[in-house]
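Student: Build me a model from this:
(2 chains)
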Amino acid sequence: MQILIQLFHILVFPGLLFDVAMGVLLMGLNNKLVARMQNRVGPPILQPWYDFLKCCGKETIVPARAKRAVFLGAPFLGFVLLISVSMFIPFAGFVPAAMGSDLVVILYLLTFVSVCEILGAASSGSPFAGVGLSREMVAMISYELPFVLVILTVARAAGADQPSGAVFSLEGVLAFQEMNGPLLFSPAIIPAAIAMLFVIPCETGMHPFDIAEAETEICEGMLAEYSGAPLAMYRLTHMVKVYTMSSLFVAMFLGNRFTGIVPVDILIGILLCIAVMFISTALPHAICARLKVEQVFHFYWTFVTGFALAGLLLVWAGV
Amino acid sequence: MFQKLIDKSMRKSPWIYHINAGSCNGCDIELVSVLTPRYDAERFGFHLTGTPRQADIVVVSGPITMQSVDRLIRTLAQVPRRCRSRNASSAWGPARGQAMFSRGASRSPGRWRGTLMWMSPSADARPSRRLS
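Tutor: Sure thing, here's the model as predicted:
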């Protein structure tokens, strides 16, 4: 029975199936909201799902110069890694892998998802993918530093009264928030939350920061040679990444158990994820045109890192 | 049932790849204006891709000049086919594997100055064989 419950948590809720459903929902809502903000009708909410299914039904072409195993394997490995990241992030009090929900593990696994994309692009043998992957590396360097600083801030804020001085377990952060209210309510952590809101669109490769997949400049960049099922996997990974990052934000700054009633908590969690998605990905998408590579780098290493650093200093000073 | 879902999605998400084969840019402007917020082709699932590998529809504008014909054939050969399915014909309807011509505004006699749309052919029609 225990094993069955564990399997249900991993495969259905809040694991694989729920991740995919939420990813499709968030991405579809993102497109719809951006369209409404641009005074358009916009695609249906299920459009990402149609795109995914259509890509599944198309022929998979492997270029002659590509390394076949890596080219085909990398998208699937990336998706599996991303799903395993979401196992560590509690949702409405449920967490499939309760033992190891560690912020540093989440950070490393999220990096490996991007590394898988880079591996697949590098093995495709296309010069456009080469440009795209170098841009993706620049984007990774840009957002990793503020991301690490935000995680340090959260760990310190939740564990200031612990003997170790910091709590890196997401469960510990949630337990702290259950006792003392959401971390976002303390003014010292707000700069770090703002920095995290900027990390999300770059981590997920959403529009103003999608330098690695600039379709008009470098022919979809890293995805230049992908078609068929691996492309569908990539797109699904992007969708689930939006959900993973927004649920990570909700878990880190807003907590998990709001009322104690499970269905209400799930509903509030979904609504909060949608709100985070709206602020962090839909608004910049509608407002801003795609940035240049050096603009992304400059923006992240000055403004976003500045916010994250300010948050870290405020929290460590104990304001 | 899965095949049915995929066939439905094929109708719902046509992705366009645009190639200019010596056009005067008039057709290109018209194509781009269809994708702007005013006409908003995205509400039908249209999406302008940057690579023929992801395209379902290839829009070729222009009279196909001598210099562009080889590149055009190579581009069309890169478009992936649909996987073989039992009811492949129903998914694409009349445009399956055939070229649709529409004449542009500035058509001089004896020469095509228009837009050629190439719908993603099904498994039995290769683009390269069609054009050469």
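Student: Any idea how many residues pack against the closest residue in space to A:Ile270 that isn't next to it in sequence?
Tutor: Setting aside the residues directly before and after it, A:Ile270 is nearest to A:Met22 in space (C-beta to C-beta, 6 or more residues apart in numbering or on different chains), at 7.1 Å. Any C-beta I mention is one placed from the backbone N, CA and C, and that applies to glycine too. Counted by other C-beta atoms under 10 Å in any protein chain shown, the residues lying close to A:Met22 total 25.
Student: After the helix or strand hosting A:Met22, which helix or strand is next?
Tutor: Element membership for A:Met22, per DSSP states H and E: helix A:16-37. Downstream of helix A:16-37, the first helix or strand assigned by DSSP H and E is helix A:47-56.
Student: Can you name the residues of chain A that neighbour chain B?
Tutor: A:31, A:35, A:38-44, A:47, A:49-61, A:128, A:214-216, A:218-220, A:223-228, A:231 (C-beta under 8 Å from any C-beta of the partner chain).
Student: Can I get the buried ones among those as something I can paste into ChimeraX?
Tutor: With 16 or more other C-beta atoms under 10 Å in any protein chain shown as the burial test, the buried ones among the residues of chain A next to chain B are selected in ChimeraX as follows:
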select /A:31,35,40,42,43,44,47,49,50,51,52,53,54,55,56,57,58,59,60,61,128,214,215,218,219,220,223,224,225,226,227,228,231
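Student: ok, back up a step: now the helix holding A:Met22 against helix A:47-56, angle please.
Tutor: Interaxial angle, helix A:16-37 versus helix A:47-56 (axes from the mean of the first three to the mean of the last three C-alpha atoms, to 10 degrees): 120 degrees.
Student: could you pull out the helices for chain A?
Tutor: A:2-11, A:16-37, A:47-56, A:68-88, A:103-123, A:127-158, A:170-180, A:190-204, A:215-218, A:229-249, A:262-277, A:283-287, A:293-299, A:305-317 (DSSP state H).
Student: Please dump those helices into a markdown table; it should also carry distance to A:Gly255 for every row.
Tutor: Shown next, in a markdown table, are the helices of chain A (distance: least, C-beta to C-beta, whole Å):
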| stretch | distance to A:Gly255 |
| --- | --- |
| helix A:2-11 | 20 |
| helix A:16-37 | 18 |
| helix A:47-56 | 28 |
| helix A:68-88 | 16 |
| helix A:103-123 | 15 |
| helix A:127-158 | 11 |
| helix A:170-180 | 4 |
| helix A:190-204 | 13 |
| helix A:215-218 | 38 |
| helix A:229-249 | 11 |
| helix A:262-277 | 10 |
| helix A:283-287 | 23 |
| helix A:293-299 | 30 |
| helix A:305-317 | 17 |
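Student: Which of these has the lowest mean pLDDT?
Tutor: Within the helices of chain A, confidence is poorest for helix A:215-218, with a mean of 72 (mean pLDDT).
Student: Name the nearest residue to A:Glu220, sequence neighbours excluded.
Tutor: With C-beta to C-beta, 6+ apart, the residue lying closest to A:Glu220 is B:Gly50, at 4.4 Å.
Student: wait, isn't the residue nearest to A:Ile270 in contact with A:Lys241?
Tutor: No: the pair A:Met22 / A:Lys241 is not scored as a contact, 11.2 Å apart, by C-beta atoms under 8 Å.
Student: Just list what the helix holding A:Met22 packs against, helices and strands only.
Tutor: Counting contacts by 3 or more C-beta pairs under 8 Å, 6 or more residues apart in numbering or on different chains; DSSP states H and E, helix A:16-37 is packed against helix A:47-56, helix A:68-88, helix A:229-249, helix A:262-277, helix A:283-287.
Student: so which of the ones you listed is the most packed in?
Tutor: Each of these was scored by mean neighbour count; the highest is helix A:229-249, a mean of 25, by mean count of other C-beta atoms under 10 Å in any protein chain shown.
Student: ok, now how distant is A:Ile279 from chain B?
Tutor: 22 Å (C-beta to the nearest C-beta, to the nearest Å).
Student: got it, and A:Pro208?
Tutor: A:Pro208 is 17 Å from chain B, by C-beta to the nearest C-beta.
Student: Right, I'll call it a day here.
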